[in-house]
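Novice: requesting a structural model of the entry that follows:
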Amino acid sequence: MFWRLTLREIGVILDGEAARAKRQRSDTAWLAWHTAALQRVKKFPKLKDMLPSAPRKPHVQTVAEQVAIAKAWTAALSRRK
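Specialist: All right, here's what the predicted structure looks like:
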């Protein structure tokens, strides 16, 4: 499989692996820092305060909002010229 890849494909794979390794080092450092910091606090925080919040539902645009955005976009583009 390796010998069938082009140099560009190999470069993309290596770039992806480098990004993954960098992200993993960052995550490990974050974990180590917080583990050490939590040992020093007098009052331990609640778990729900430590966890990231759940993603909110995206706002669904109404037709009127979409038309208003399209008009504003058109006006902005016509002023550029």
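
Novice: now for the chain, the helix or strand with the poorest mean pLDDT.
Specialist: Across the helices and strands of the chain, the lowest-confidence element by mean pLDDT, DSSP states H and E is helix 47-50, at a mean of 82.

Novice: next SSE downstream of that one?
Specialist: Using DSSP states H and E, the helix or strand that follows helix 47-50 in sequence is helix 63-80.

Novice: tell me the helices and strands packed up against that next one.
Specialist: Judged by 3 or more CB pairs under 8 Å, 6 or more residues apart in numbering; DSSP states H and E, helix 63-80 has no packing partners among the helices and strands. Quick note: C-beta positions are derived from backbone N, CA and C, even for glycine.

Novice: list the buried residues of it.
Specialist: By neighbour count with 16 or more other CB atoms under 10 Å, helix 63-80 contains no buried residues.

Novice: model confidence over that helix, on average?
Specialist: Mean pLDDT, computed over helix 63-80, is 91.

Novice: relative to the whole chain's centre, how far out is it?
Specialist: 28 Å (CA atoms, centre = their mean, to the nearest Å).

Novice: got it, and stretch 60-78?
Specialist: 27 Å.

Novice: got it, and stretch 7-17?
Specialist: 21 Å.

Novice: and that stretch, C-alpha only, in PDB?
Specialist: Output of stretch 7-17 as PDB, limited to C-alpha atoms (Å, rounded to 0.1, in the frame of the first residue of the first chain):
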ATOM      1  CA  LEU A   7       4.600  12.000  -2.300                       C
ATOM      2  CA  ARG A   8       1.700  14.400  -1.800                       C
ATOM      3  CA  GLU A   9      -0.400  11.700  -0.200                       C
ATOM      4  CA  ILE A  10       2.400  10.700   2.100                       C
ATOM      5  CA  GLY A  11       2.900  14.400   3.000                       C
ATOM      6  CA  VAL A  12      -0.800  14.700   3.900                       C
ATOM      7  CA  ILE A  13      -0.600  11.500   6.000                       C
ATOM      8  CA  LEU A  14       2.500  12.800   7.900                       C
ATOM      9  CA  ASP A  15       1.000  16.200   8.400                       C
ATOM     10  CA  GLY A  16      -2.100  14.600   9.900                       C
ATOM     11  CA  GLU A  17       0.000  12.400  12.200                       C
END
